[in-house]
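Engineer: Could you work out the structure for the sequence below:
(one chain, ligands or ions: 1)
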Amino acid sequence: MKFNPADNIQDLQYFGEFGGVNPSISDSSTYTFLSAKTMFDTFEGNADGCYLYSRHTSPSNLYLGEALAAMEGTETANVSASGMGAITPVLLQLCQAGDHIVSSRTIYGGTYAFLKNFTPRLNIETTFVDITKLDVVEAAITKNTKVLYCETVSNPLLEVADIKALSELAKKHGIALVVDNTFSPLSVAPAKLGADVVVHSLTKFINGSSDTVGGVVCGTQEFIDQLRNVNDGASMLLGSTMDSLRASSVLKNLRTLHIRIQQHSKNAMYLAEKFEAEGLKTVYPGLKSHPSHELFTSMMNPDYGYGGMLTIDAGSLEKANELMELMQHKNLGYLAVSLGFYKTLFSAPGSSTSSEIPEEEQKEMGLSDGLIRFSIGLDNNIERTYEMMKACMLEVGMLTKEATLV
Ligand SMILES: *Cc1c(COP(=O)(O)O)cnc(C)c1O
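Structural biologist: Okay, here's the model as predicted:
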């Protein structure tokens, strides 16, 4: 049977302590042992199923991790307090001083800043490459390279990584392929295409209500055990642990992810086609004009579409700002960073989420001043939304009446 992430989540069954339909929340930081010997064994990592201390694991966090592992098709998963709290321990677990990382140059601003400014302090160097050029990626790999890092759909340019080809490259050179799948949950399952580790910011589509930050690392039991090791595990020792109350709330939101993603994708596809037809420079993996449209189509699960993220170019930062302020004023969404909310969110990445990237480099990678990133919401009537957005674009002079009449 074909791998279907939402079916895998559906097939999990939990009962609360008193037969509740939701698992009970473990509201404890520490756990008792009936014998001192079991406590010792747990520290040594030899007592499966015993809880020790909630920075290590808690039942609530394990439930959420199990559901996310089912979604990504990995053996297991470890949840964390934020997406960065998932990404940074993975990289620090896989790399030591003297090691090297090859990373896509179009990645989340925080990850970029970590690799560019922080890990060099630990003598871990990163080469940033155009991830869509496999020969360039391979040429950047050195004998010290330990990790190949990318996002399935990149932030904010929506470039698509060829996960299968990258995983073959990684295997050939004996390095780990780490993929951030935050922009494309359910649509793409990177581990099924050969990624060794899949990370997510749960803050975005997966939780979907913009009320918390959270993250997850999905991978093999062996790797997750290493991350949690009490002696040298980066997740355990750096301590970005998710709280149990929050894990239980994210798990409840995860249950509607498949329905939400379908609606985000449907709405984004509708708007992308309309914007493009109006002559706006529109980037959306679902459009035939997207350079990786075929590639995305070959990797995706068609049940969930091309996702909720699209960009348009307003021409200049001033125009972009004018349009975003007007759209917020008309209650079409919020001028805010982040994504995956029920309402549309928009921001100009060049001056916000990607401002960590120097202006020169922004230009080189095609990140223009007037770029607006949209996370399209769950709007019930997207035709109505489109008409209202078009009216805003006419008002700020991005479209002219004549042009839209042709
Ligand atoms: C938001 C985001 C992150 C960071 O996640 P936080 O939960 O904010 O720490 C990492 N990767 C991508 C692609 C993101 O969008």
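Engineer: residues contacting the nearest residue in space to Glu273 that is not next to it in sequence?
Structural biologist: Distances taken as C-beta to C-beta, 6 or more residues apart in numbering place Leu287 nearest to Glu273, at 7.0 Å, with adjacent residues excluded. Backbone N, C-alpha and C define where each C-beta goes, glycine included. By C-beta atoms under 8 Å, 6 or more residues apart in numbering, the residues touching Leu287 are 272-273, 276, 293.
Engineer: And the residue nearest to His100 when sequence neighbours are not counted, its phi and psi?
Structural biologist: Nearest-residue entry for His100: Asn144, 4.2 Å, with adjacent residues in sequence omitted and distances by C-beta to C-beta, 6+ apart. Per-residue torsions, Asn144: phi -90, psi 0 (degrees, to the nearest 10).
Engineer: One more: Arg373?
Structural biologist: Main-chain torsions, Arg373, degrees, to the nearest 10: phi -100, psi 130.
Engineer: Quick check: it vs the ligand, distance?
Structural biologist: 10 Å (C-beta to the nearest ligand atom, to the nearest Å).
Engineer: what residues are up against that residue?
Structural biologist: Counting by C-beta under 8 Å, 6+ apart, Arg373 makes contact with 155-156, 309-311, 346-349, 353.
Engineer: repeat that for 10 Å
Structural biologist: Contact partners of Arg373, counting by C-beta atoms under 10 Å, 6 or more residues apart in numbering, are 155-158, 283, 309-312, 320, 337, 339, 345-350, 352-354.
Engineer: ok, now Asp180?
Structural biologist: If you count contacts by C-beta under 10 Å, 6+ apart, then Asp180 has 83, 86-87, 90, 104, 107-108, 111, 149-155, 161, 190, 195, 197-201, 215 around it.
Engineer: Tell me the bridge partners for it.
Structural biologist: Judged by DSSP bridges, the bridge partners of Asp180 are Glu151, Val199.
Engineer: Ile131 versus that one, what's the distance?
Structural biologist: 12 Å (C-beta to C-beta, to the nearest Å).
Engineer: Please, a ChimeraX command that selects the buried ones among the contacts of Arg373?
Structural biologist: A single ChimeraX command selects the buried members of the contacts of Arg373 (16 or more other C-beta atoms under 10 Å):
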select :155,156,157,158,283,309,310,311,312,320,339,345,346,347,348,349,350,353,354
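Engineer: Look up the pLDDT of the residue nearest to Glu273 for me, please.
Structural biologist: At Leu287, the model reports a pLDDT of 98.
Engineer: How about the one 4 residues further on?
Structural biologist: Here, the pLDDT recorded for Pro291 equals 95.
Engineer: what are the phi and psi angles of it?
Structural biologist: Dihedral angles of Pro291 (phi, psi; degrees, to the nearest 10) stand at phi -60, psi -20.
Engineer: quick check: longest helix of the protein.
Structural biologist: Ordering each helix of the chain by length in residues (DSSP state H) puts helix 257-277 first.
Engineer: What is that helix packed up against?
Structural biologist: Here helix 257-277 touches helix 5-10, helix 59-72, strand 282-283, strand 309-313, strand 371-375, helix 382-395, going by 3 or more C-beta pairs under 10 Å, 6 or more residues apart in numbering; DSSP states H and E.
Engineer: Paired strands for the shortest one, with orientation please.
Structural biologist: In other words, strand 282-283. With DSSP bridges as the test, strand 282-283 pairs up with strand 309-313 (antiparallel).
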